[in-house]
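S.K.: A predicted structure for the sequence below; I have some questions about it.
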Number of protein chains: 2
Amino acid sequence: MSKMDRRIQKSRQAIMDAFMKLMSEQDFENITINQIAEEANVNRGTVYLHFADKYDLRDQCTDAHMNELIRNCMPEEKGQLTSKAALLRTFEYLQRHASFYSIMLTSRGNPIFRNRMEAVLQQSVSEHLDSIGLDRTLYKDITVQFLVSAGVGLLEWWITRSMPYPASVMVEQFWRLLERVQLQVPDEGHKKVWE
Amino acid sequence: MSKMDRRIQKSRQAIMDAFMKLMSEQDFENITINQIAEEANVNRGTVYLHFADKYDLRDQCTDAHMNELIRNCMPEEKGQLTSKAALLRTFEYLQRHASFYSIMLTSRGNPIFRNRMEAVLQQSVSEHLDSIGLDRTLYKDITVQFLVSAGVGLLEWWITRSMPYPASVMVEQFWRLLERVQLQVPDEGHKKVWE
DNA sequence: CACCATTTGTTGATTTATCAACTAATGCGT
DNA sequence: ACGCATTAGTTGATAAATCAACAAATGGTG
């Protein structure tokens, strides 16, 4: 994965960077391969050498960023998003790369980000639930989807609204909500929060 | 010249940029080809594909910048450095690219910049003297060398002292000195300035 | 609708960059 | 002076990028 010919890395990066730049300037559908190649200073054919078309480029671009996110925020094996530290890293990472994620999230009509993000969290949350043992009255798949939707939705909300709160506040609030559904060991004692 | 394969332009540029970066950090003699290749993100062999060795790289780097200077400051054919406008463009250009020129000028022991600059001005000044007709009592070659040394020396002085005056002041002062040796038509009337 | 320009993909021949492997040279410390 | 490690160049096989030329699709304008 990391032992590729230098040229393909450079070309891919140049093309992706060019694509992102164009995405920040105009609507996705209006972007042409010619523009991308020109902006990337790459022959048009080279684009097709790496990407099937615009859409494939958009998807791979998303995936690349998503992998970076995982690599940076959840260095532990089996991407654990279930510690406060990891959560904070993630929010801060998104904040640093807001230029990308806000573009990807605000371009209406492609739920790619949401889908990929959900897929990533699906596994992470599922494994976590296995490890802590779930209340017998709760269906696992339903609980997973509930938590994943909540998490991704919260992230999207935060990004698309230009991060109205600092990452630390978001993590704190999110953590409290997780405690309420009793899927985390409470920080302090075992007092029931909804009595 | 400008219709080359994209790859060679990119490679040459990357290598030259890397070289300049290293020049700003350490002494020329201590720079290795390995460092250059690594900094440029290029295979070591690629360096040798474009440059014979360190010294060739240093020279070509100088020439490239020099050609850029000429192209930007003296767009007229036969590089005329004999108008106030061209002079101002030149000083301002040097100011913009001070990062390069101050490095090249302060690296002791290689008069490459001075030599190339003089060569460029030699021709320019020589042609100018032909066009305005020289005082019979003055030898042309001597006059040329006098003016060229003065000009280049002034440039070096300005750059190496971190441009203590704005470009406009330098041009104004330089122009007045040129007037004093009566190789320029005075801006205002024909009054003798040294009477 | 028809026209025209642009874009889209594809192809094959060519050039360039990459990599690994090698020898020679240089330098550095013991 | 002797090893020992790094650097300097070189080489040949391979992979990638370039370019030009192509046919097909698209999209706006009269």
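M.R.: Received the coordinates, thanks.
S.K.: for chain A, which segments count as helices?
M.R.: Secondary structure of chain A (DSSP state H): helices located at A:6-23, A:33-40, A:44-50, A:54-73, A:84-96, A:98-106, A:112-132, A:140-160, A:167-180.
S.K.: dump the first one to CSV, keeping only the CA atoms.
M.R.: The one in question is helix A:6-23. Output for helix A:6-23, consisting of C-alpha atoms alone and laid out as CSV, is shown next (Å, rounded to 0.1, in the frame of the first residue of the first chain):
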residue,chain,number,x,y,z
ARG,A,6,6.5,7.4,-6.5
ARG,A,7,4.9,8.5,-9.7
ILE,A,8,1.5,7.0,-9.0
GLN,A,9,1.4,8.6,-5.6
LYS,A,10,2.3,11.9,-7.0
SER,A,11,-0.2,11.7,-9.8
ARG,A,12,-3.0,10.5,-7.6
GLN,A,13,-2.3,13.1,-5.1
ALA,A,14,-2.1,15.9,-7.7
ILE,A,15,-5.4,14.8,-9.3
MET,A,16,-7.2,14.5,-6.0
ASP,A,17,-5.9,17.9,-4.8
ALA,A,18,-7.0,19.4,-8.1
PHE,A,19,-10.4,17.8,-7.7
MET,A,20,-10.9,19.1,-4.2
LYS,A,21,-9.8,22.6,-5.2
LEU,A,22,-12.4,22.6,-8.0
MET,A,23,-15.0,21.2,-5.7
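S.K.: quick check: angle from it to helix A:98-106?
M.R.: Note on geometry: by axes from the mean of the first three to the mean of the last three Cα atoms, to 10 degrees, helix A:6-23 and helix A:98-106 are set 60 degrees apart in direction.
S.K.: just give me the neighbour total for residue A:91.
M.R.: Counted with other Cβ atoms under 10 Å in any protein chain shown, the neighbours of residue A:91 add up to 24. In this view, the C-beta of every residue, glycine as well, is placed from N, C-alpha and C.
S.K.: quick check: it touching residue A:170?
M.R.: Yes - under the criterion of Cβ atoms under 8 Å, residue A:91 lies in contact with residue A:170, with a separation of 5.3 Å.
S.K.: what's the overlap in contacts for the two?
M.R.: Overlap of the contact sets of residue A:91 and residue A:170 (by Cβ atoms under 8 Å, 6 or more residues apart in numbering or on different chains) consists of residue A:158.
S.K.: now do the same contact list for residue A:40.
M.R.: Residue A:40 makes contact with A:11, A:14-15, A:17-19, A:47 under the criterion Cβ under 8 Å, 6+ apart.
S.K.: ok, the nearest residue to it once chain neighbours are set aside to residue A:142 distance?
M.R.: Taking Cβ to Cβ, 6 or more residues apart in numbering or on different chains, and ignoring the residues beside it in sequence, residue A:40 has residue A:18 as its nearest neighbour in space, at 3.6 Å. Plainly put, residue A:18 is 43 Å away from residue A:142 if you go by Cβ to Cβ, to the nearest Å.
S.K.: and what of residue A:116?
M.R.: In terms of Cβ to Cβ, residue A:116 sits 22 Å off from residue A:142.
S.K.: who's more crowded, those two?
M.R.: When neighbours are counted by other Cβ under 10 Å, residue A:116 comes out ahead of the other of residue A:116 and residue A:142, with 19 against 9.
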